[in-house]
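> Show me how the following folds:
(2 chains)
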Amino acid sequence: MREPSLFDQEPDRVVGDRLRQALDGPDPEAFVARVRSAIGQTGRETSWDVLARWAPAGLVAAGVAAVLVGMLLRPAADPQDNGSMLASAPVQMEVTPQQAESDVLTTTLLEGR
Amino acid sequence: MEPSLRTPDQTDTELATAAVRGDGDAFGTLVERYGLAARRVARAVLGPGDDADDAAQDGFIAAWRAIERFDATRPFRPWLMRIVTNAALDLVRRRKVRRAVAISETVELRQISADRRAEDAIFRERFAVALNALPERQRVAVVLFDAEGYGHAEIAEVLGVPEGTVRSYVFHARRALRQALGVYREEPDA
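Residues are numbered from 1 along each chain as shown, chains lettered A, B, ... in the order given. Below is the predicted model:
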């Protein structure tokens, strides 16, 4: 038997025959009939199915985008009020709990940065 | 005659295109054409048993459900076989199926006798053990190349790896399998 090479272009018949022998299952006709029957009972995927599959991910993405847009469009901070700068948001929560309470989600997000 | 058998000369692409239009019999013909090859690939990944048949069937069902996404400008069988292979690999991950190693070599060697049928059975087991010892992707590659006649480029599409990787998979798998076969001596029938 010739040594195999990386550049072999033709199938090895001996190995191929052995593989088919090893991997052929019992009752091939019954298997094909079973698959055909299963397909006969299965509906095709519609565009709505695809949309439905992506909907949860889409909703999460839209939620995250809304939060980010909300952060960007927040009213500009009063230059005199250093406590309301974004970088000091965690401190703000410590010092003025009521103000921080109204923006817990933003604060939580910023803490992770 | 079954409706699907009326179209034996239709190409895969013609049948797949008909299936896109809702022709279930056309897809049935594709099942008849590739069902057993898909089953062999699934059994190469999962070992013999119902899991492999389930994975092959799941692959066909997934292909049927997604047939509208088949690109008719590309060959059908790598597209189908990729879905079947992924279904089998997914099942491996989901169920953590353990490969069934048939019998230990110690037992095999003890059982060697002058009986040719027994010896043939032992070497079949040896071949199965060698096949099961290969990584899953090497098994798929060598089955598609040597048993199903796929080209390197098609297998690369099935496995989603470069063609050079497929060559390497086939080379290593084939070398291991030939080693298992190498100890098999053809003896003339008495």
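
> tell me the domain ranges of chain B?
With domains defined by automatic domain parsing, chain B comprises B:7-100, B:102-190.

> and those, which one's lowest on average pLDDT?
Among the domains of chain B, domain B:102-190 has the lowest mean pLDDT, at a mean of 79.

> Give me the distance from that one to the chain's centre.
Distance, stretch centre to chain centre, for domain B:102-190: 12 Å (CA atoms, centre = their mean, to the nearest Å).

> just to revisit the earlier point, quickly compare the domains of chain B and say which is most buried.
Ranked by mean neighbour count, the domains of chain B are led by domain B:7-100 with a mean of 19 (mean count of other CB atoms under 10 Å in any protein chain shown). Glycine gets a C-beta too; all of them are placed from N, C-alpha and C.

> Quick check: which ranges of chain A have low pLDDT?
Within chain A, the stretches with pLDDT under 70 are A:1-3, A:45-50, A:53, A:75-113.

> Flag every residue of it that's near chain B.
Counting by CB under 8 Å from any CB of the partner chain, chain A comes close to chain B at A:1, A:4-8, A:11-16, A:18-25, A:28, A:31-32, A:34-36, A:38-40, A:42-45, A:49.

> ok, 7 Å please
Contacts of chain A with chain B, taken as CB under 7 Å from any CB of the partner chain, map to A:1, A:4, A:6, A:11-12, A:14-16, A:18-20, A:22-25, A:28, A:31-32, A:34-36, A:38-40, A:42, A:44-45.

> I'd like to know which of these are part of helices.
A:14-16, A:18-20, A:22-23, A:28, A:31-32, A:34-36, A:38-40 (DSSP state H).

> what about the longest helix in chain A?
What stands out as the longest helix in chain A, according to DSSP H, is helix A:47-72.

> ok, now chain B?
Ranked by number of residues, the top helix in chain B under DSSP H is helix B:24-46.

> what's the next secondary structure element after that helix?
helix B:50-65 (DSSP states H and E).

> by contact count, what packs against that next one?
With contacts taken as 3 or more CB pairs under 7 Å, 6 or more residues apart in numbering or on different chains; DSSP states H and E, helix B:50-65 sits against helix A:28-40, helix B:24-46, helix B:76-95.

> And these: which comes nearest residue B:170?
Comparing the helices and strands packed on helix B:50-65 against residue B:170 with CB to CB, the closest turns out to be helix B:24-46 (13.0 Å).

> Run through who's touching stretch B:127-139.
Residues outside stretch B:127-139 that contact it (CB atoms under 7 Å, 6 or more residues apart in numbering or on different chains): A:18, A:22, B:44-45, B:47, B:89, B:92, B:99, B:101-102, B:159, B:169, B:172-173, B:176-177, B:180-181.

> what about residue B:72, which SS state?
coil (DSSP: H, G, I helix; E, B strand; the rest coil).

> Including distance to residue A:66, could the domains of chain B go into JSON lines?
Output for the domains of chain B, formatted as JSON lines (distance: least, CB to CB, whole Å):
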{"stretch": "domain B:7-100", "distance to residue A:66": "31"}
{"stretch": "domain B:102-190", "distance to residue A:66": "35"}
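
> Phi first, then psi, for residue B:165.
Phi and psi for residue B:165, reported as degrees, to the nearest 10, are phi -70, psi -40.

> Please name the spatially closest residue to it (chain neighbours excluded).
residue B:156 (7.3 Å; CB to CB, 6 or more residues apart in numbering or on different chains).

> sorry, back to before: the longest helix of chain A to helix B:50-65, inter-axis angle?
For helix A:47-72 against helix B:50-65, the angle by axes from the mean of the first three to the mean of the last three CA atoms, to 10 degrees is 80 degrees.

> for helix A:47-72, packing partners?
Under the contact criterion of 3+ CB pairs under 7 Å, 6+ apart, helix A:47-72 touches helix A:104-111.

> Within range of chain A, give me the residues from chain B.
Counting by CB under 7 Å from any CB, chain B sits next to chain A at B:24, B:27-28, B:31-32, B:35-36, B:39-40, B:43-44, B:48, B:53, B:57, B:60-61, B:64-66, B:124, B:127-128, B:131, B:143, B:145-147, B:149, B:167-168, B:171, B:174-175, B:177-178, B:181-182.
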